[in-house]
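> Turn this into a structure:
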Amino acid sequence: MQFYCGIDLGARKSHLCLIDEDDKKLLDKKMDNDLDEIESKLYPYKPSLEIVVESTFNWEWLVYGLQGKDYEVKLAIPWDLRPSPSQRKRPIDGMPSP
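Coordinates of the predicted model:
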């Protein structure tokens, strides 16, 4: 089974959300910015886990730290992301309609 984790990286804390390929939420947790603590939550899913980290001013420690532990990590630029049409509940200013 494939797993996906999105990390909203803040200055002191990060919010992790982990789902499986059926969109079942497995983890939804705000936690301290501690590489070992974050990695301990991700480790059980490591063999088939894809991670996306919000590209903010302080992303390097987390991305390079997880990559150093052999995780597949990608950066996401928040203002460049758009929800899929099925995820939109209402129109968003400046975005094309689905």
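> Helix or strand: which one has Leu62?
Using DSSP states H and E, Leu62 falls within helix 60-68.
> meant to ask about Asp70
Using DSSP H and E, Asp70 falls outside every helix and strand.
> can you count the residues close to the residue lying closest to it once chain neighbours are set aside?
In space, and not counting its chain neighbours, Asp70 is closest to Lys46: 7.8 Å by C-beta to C-beta, 6 or more residues apart in numbering. Every residue, glycine included, has its C-beta placed from N, CA and C. Neighbour count of Lys46, defined by other C-beta atoms under 10 Å: 15.
> and the helix holding Leu62, what's its mean pLDDT?
Average pLDDT, helix 60-68: 95.
> which of the residues in the very next helix or strand once past it are buried?
For helix 60-68, the following helix or strand on the C-terminal side (DSSP H and E) is strand 72-76. Within strand 72-76, the residues that count as buried by 16 or more other C-beta atoms under 10 Å are Val73.
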